[in-house]
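K.L.:
Predicted structure and sequence below. I'll ask about it afterward.
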Amino acid sequence: MSTIASSNIRKIIRVGERSIGITIPKEWLNVLGLGIGSNVEVSLGSGYILIKPLTATQHRIIHSVKIKHEDPDILSRLIIAGYIEGYDIIVLDEARDIVRKAFYPIAMRLPGVIAMDGVTFKIKVSVDEVNTDLNEVVSSMRSALNTMFDLLIDYFNTGDKNRLSEIIHLDDDLDRLHFLGMRTIKRTSFRDPPYSLDYAIVLKSLEHIGDSLDRVSNTLLHIDLNTFQSSPECRGVFKDIFAKVSSYVSKSVNAFITSNVNLAMKVLLGREEISKNILSSIQKCIEVHGVLAMVHEAINAIYEAAEIAEVATARAVRAIGATHTEMGSVGKEYREPSE
């Protein structure tokens with residue numbers, strides 16, 4: 001792994017009478033293909049300065065890490081962490097049987113990974129994070145969640161447990177999108193830290209909602225067929241519950257994607273009411289095995305969706321603040337947009 005530091009704290013210094021400057025470590029020049037007299041683009045962002053090389057000889061810095069653990073499950077987690085952290089090469093310093101048990105079960109959940117089984121087992125990651133659109137990642141995760149909700153509601157209509165297996169499979173697709181999005185954020189967050197933080201929160205909330213639907217499906221797959229599945233009334237109750245949760249989640253994501261602060265506010269203000277309605281509606285099914293676990297997951301999805309709406313609201317306020325700053329105003333005022 002390279003010993004060159006990728007971040008550094010430097011002081012602003014005076015250069016002549018009318019200019020200031022910032023020095024950089026000399027070894028960075030070779031890494032970036034730069035030299036004395038090279039041109040760079042300097043951009044002013046919201047709270048940061050971005051310096052970008054313009055030379056055609058610039059090449060991508062390859063980041064690598066070596067990890068090892070004799071427990072395949074723990075090694076799998078470390079591989080995922082290395083992927084999200086943005087490493088281009090992950091060297092697995094373990095016996096081949098352990099490496100294969102750790103890598104291959106998760107390989108399909110990590111976009112762009114290639115196994116290189118040579119003298120040492122390496123994972124090469126080929127992903128273009130710079131051109132990955134986080135809005136597209138969020139939209140794709142929303143589509144996957146919509147399908148998962150539709151399958152769950154269809155199960156409550158038909159009792160067909162194949163629908164539950166499909167939900168569990170779709171959760172793997174959701175994880176793949178989440179890992180890609182988080183890796184992209186790690187590699188590009190320097191451009192706009194507040195923007196990246198927004199997406200990190202949203203991606204994590206969407207992943208948690210998918211995990212909730214996965215756990216509901218697993219609960220339904222394993223409970224006694226003579227209890228919940230044979231109770232049309234309770235299936236109807238939960239069909240209604242998850243239809244409402246699906247609508248609530250969809251509204252929260254739409255508020256974020258479209259920066260609709262009015263919709264975000266409606267989502268936030270409706271959180272307590274929908275949670276109370278869920279708890280009230282299950283009273284007739286309270287003795288059915290698995291009911292409390294599924295209610296817990298439904299309410300968890302509601303609160304994760306509300307977190308997305310919170311981010312949408314913060315983005316709206318930040319946009320208003322940026323507008324006032326451009327106009328030279330120190331004070332900031334929020335006025336609710338007209339419908």
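P.N.:
Yes, it's here.

K.L.:
Within the helices and strands, which one has the residue nearest the centre of the chain?
P.N.:
Of all residues in the chain, the one closest to the mean position by CA atoms, centre = their mean is Leu203, 2.4 Å from it. When secondary structure is defined by DSSP states H and E, Leu203 falls within helix 193-222.

K.L.:
And that helix, what's buried?
P.N.:
Under the neighbour-count criterion of 16 or more other CB atoms under 10 Å, helix 193-222 has 195-196, 198-220 buried. Heads up, the C-betas are built off the backbone N, CA and C, glycines and all.

K.L.:
if we can go back for a sec, I'd guessed the residue nearest to the centre of the chain sits against Phe179; true?
P.N.:
No: if you go by CB atoms under 8 Å, Leu203 and Phe179 don't touch, sitting 9.3 Å apart.

K.L.:
gap between the closest residue to Ile84 other than its chain neighbours and Met141?
P.N.:
Excluding the flanking residues, the one nearest Ile84 by CB to CB, 6 or more residues apart in numbering is Met182, at 4.7 Å. Separation of Met182 from Met141 (CB to CB, to the nearest Å): 12 Å.

K.L.:
what residues are shared contacts of these two?
P.N.:
With contacts taken as CB atoms under 8 Å, 6 or more residues apart in numbering, the residues that reach both Met182 and Met141 are Leu203.

K.L.:
Of the two, which one has the most company?
P.N.:
Neighbours around Met182 and Met141, counted as other CB atoms under 10 Å, are more numerous at Met141. The numbers are 25 against 21.

K.L.:
Could I get the full set of strands for this structure?
P.N.:
Taking DSSP state E, the strands of the chain run over residues 12-15, 19-22, 40-44, 49-53, 64-67, 89-92, 113-117, 121-125.

K.L.:
Mind checking the ones you listed for the one nearest to Pro232?
P.N.:
strand 113-117 (45.3 Å; CB to CB).

K.L.:
Can you give the contact residues for that closest one?
P.N.:
Under the criterion CB under 8 Å, 6+ apart, residues Tyr83, Arg96, Phe103, Tyr104, Ala107, Phe121, Lys122, Ile123, Lys124, Val125, Ser126 lie in contact with strand 113-117.

K.L.:
Could you tell me which strands that strand is paired with, and in which direction each runs?
P.N.:
Take DSSP bridges as the rule and strand 113-117 pairs in its sheet with strand 121-125 (antiparallel).

K.L.:
Just the buried residues of the strand it pairs with, please?
P.N.:
Phe121, Lys122, Ile123, Val125.

K.L.:
Could you measure from the last one over to Val65?
P.N.:
The one in question is Val125. 11 Å.

K.L.:
Show me which residues of stretch 307-320 are buried.
P.N.:
If you call a residue buried by 16+ other CB under 10 Å, then stretch 307-320 has these buried ones: Glu307, Ile308, Ala309, Glu310, Val311, Ala312, Thr313, Ala314, Arg315, Ala316.

K.L.:
Leaving out the residues flanking it, which one is nearest to the second one?
P.N.:
When the adjacent residues along the chain are set aside, Ile308 lies closest to Ser252, with 4.3 Å between them (CB to CB, 6+ apart).

K.L.:
Report how many residues lie close to that neighbour.
P.N.:
A count of nearby residues for Ser252, using other CB under 10 Å, gives 31.

K.L.:
you'd agree Ala243 is up against Ile153?
P.N.:
Yes: shown here, Ala243 and Ile153 form a contact pair, counting by CB under 8 Å, at 5.8 Å.
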